[in-house]
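K.L.:
Pasted the sequence and its predicted model underneath.
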Amino acid sequence: MKTVIYKRKRWSVALVVLLVFSLSLMSGCSKQTTDNNSISVESTQLNMVAGTSGGVWYIGMGAIGKLYSDNYPGTTVNLLAGGSSGNPLRLESGETDFSITQHTMAVAAAKGQEPYKKATQNVSSIINLKDITRLNIVVRDDVPIYSIEDILEKKYPLKLAHGPVGTVSEVFGRWAFEEYGVGFKDITSWGGKLFANNYNDVASLFQDGQIDMFFWTGPGEAGFIQETASGTKLRWLPVKEEVINTLAEKYGLNKGTIPAQFYGGAVGTETPCVIDATELIVRKDLQEEIVYNLTKVICENKDDIVLAYSAWNTFDPETAWQDLGLPLHPGAEKYYKEKGWIK
């Protein structure tokens with residue numbers, strides 16, 4: 001089965017959702033490989049792992065998958081759900097070909113640092129999207145928590161939606177809380193509860209009072225937060241500077257802010273947070289020509305990708321090869337050199 005090909009270049013939201021659905025239906029197809037475990041360019045099946053189903057990475061990677069199949073007829077693209085910390089391991093094992101992760105996770109995978117037990121050997125980077133991915137720590141306004149320190153001081157029985165385990169929201173949020181002395185086990189020992197639901201569920205759970213707080217890490221403004229803010233008063237908690245500095249030293253995160261005007265002004269004040277960027281990654285042993293073509297399609301169709309997911313408008317093809325957490329794949333390097341961006 002081939003990916004559905006649409007003739008129109010300008011995509012509506014409904015079209016992108018249909019695209020993602022069509023890609024996800026193909027996950028049962030068998031993989032065609034050559035004797036050296038490389039994919040045949042003439043009849044390619046490209047297995048992609050994104051973020052949580054229906055999330056922003058899922059939409060963005062779906063758009064990339066469509067562009068690839070449009071430009072290389074005969075290609076079948078399978079899009080699967082995943083998570084930032086788990087995605088490098090799925091490439092390492094050969095389960096998938098192309099994926100997405102945070103720069104911090106790429107660095108950790110290359111070095112074998114937490115959350116990885118050892119360094120990856122079969123994972124390469126191709127693009128740093130240079131987006132600004134922010135950790136949002138959001139609490140309902142009627143919950144008597146005004147800082148992360150309050151949770152520890154009050155031993156508050158927090159009902160926390162940290163996101164699916166292994167996603168960057170869960171990992172970054174857990175790292176930040178641990179620097180304040182608040183572990184997930186502490187929260188449950190105080191009578192709290194942890195939720196790993198997809199964000200499609202979080203808005204309704206939050207509005208119903210079943211959740212007090214959630215983490216979300218991503219660029220721009222999330223649709224589910226916009227939905228939640230329309231019916232529930234929210235409060236964004238800051239991460240103090242000394243914690244940000246520690247997280248930067250340990251994991252490579254950086255200091256940023258959540259703009260006051262986000263979510264129709266619901267954030268209210270510039271809120272200090274930790275930030276990161278997004279990298280696109282591939283199997284190191286993926287055929288060079290496929291990686292060259294993939295890099296070319298992404299770099300030469302930025303406008304279409306941004307139409308599908310506007311927060312990636314920071315992507316600059318000329319510098320996309322810089323500041324990578326993992327070694328640059330030779331196929332991507334070939335493309336950048338041909339363009340004259342790598343001298």
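P.N.:
Looks like it came in fine.
K.L.:
Can you give the contact residues for stretch 193-210?
P.N.:
Residues from elsewhere that reach stretch 193-210, judged by CB atoms under 8 Å, 6 or more residues apart in numbering: 52-55, 140, 157-165, 170, 184, 187-188, 211, 214, 216, 222, 224-225, 227-228, 231-232. Every residue, glycine included, has its C-beta placed from N, CA and C.
K.L.:
and it, average pLDDT?
P.N.:
Mean pLDDT, computed over stretch 193-210, is 88.
K.L.:
sorry, back to before: now the contacts of stretch 193-210: which count as buried?
P.N.:
If you count burial by 16 or more other CB atoms under 10 Å, the buried members of these come out as 52-55, 140, 158-164, 170, 184, 187, 211, 214, 216, 222, 224-225, 227-228, 232.
K.L.:
Please narrow those to those residing in helices.
P.N.:
Residues of these located in helices (DSSP state H): 170, 184, 187, 224-225, 227-228.
K.L.:
wait, which of the residues you listed is closest to G252?
P.N.:
Closest approach to G252 among these (CB to CB): E170, at 17.7 Å.
K.L.:
is it true that the closest one touches G163?
P.N.:
Yes: E170 is within contact range of G163, at 4.6 Å (criterion: CB atoms under 8 Å).
K.L.:
for L280, helix, strand, or coil?
P.N.:
The three-state label given to L280 by DSSP: H, G, I helix; E, B strand; the rest coil is strand.
K.L.:
Please apply the same query to the one 10 residues further on.
P.N.:
Following three-state DSSP, I290 is assigned to helix.
K.L.:
try I126
P.N.:
Assigned by three-state DSSP, the conformation of I126 is strand.
K.L.:
Which of the three states applies to the residue nearest to it when sequence neighbours are not counted?
P.N.:
In this structure, I126 finds its nearest non-sequential neighbour in A332, 3.9 Å apart by CB to CB, 6 or more residues apart in numbering. State at A332, reduced to three classes by three-state DSSP: helix.
K.L.:
contacting residues for A332?
P.N.:
So A332 contacts 124-127, 291-292, 294-295, 321 (CB under 8 Å, 6+ apart).
K.L.:
do K154 as well
P.N.:
By CB under 8 Å, 6+ apart, the residues touching K154 are 144-145.
K.L.:
on that earlier part again, the residue nearest to I126 and Y72, how far apart?
P.N.:
Using CB to CB, to the nearest Å, A332 is found at 16 Å from Y72.
K.L.:
okay, now the residue nearest to I258 when sequence neighbours are not counted: neighbour count?
P.N.:
Spatial nearest neighbour of I258, excluding adjacent residues (CB to CB, 6+ apart): T271 at 4.3 Å. Per other CB atoms under 10 Å, the neighbour tally for T271 reads 21.
K.L.:
Just to check, T271 is in contact with L234?
P.N.:
No: T271 lies out of contact with L234 (CB under 8 Å); the separation is 11.3 Å.
K.L.:
so where's this protein uncertain?
P.N.:
Counting by pLDDT under 70, the ranges of the chain that qualify are 1-43.
K.L.:
quick one, strands of it?
P.N.:
For the chain, the strands defined by DSSP state E cover 45-49, 76-80, 98-102, 123-128, 133-140, 159-161, 193-195, 213-219, 234-236, 254-258, 271-276, 278-283.
K.L.:
Select, out of the ones you listed, the one closest to K337.
P.N.:
K337 sits nearest to strand 123-128 of all these, at 13.5 Å, using CB to CB.
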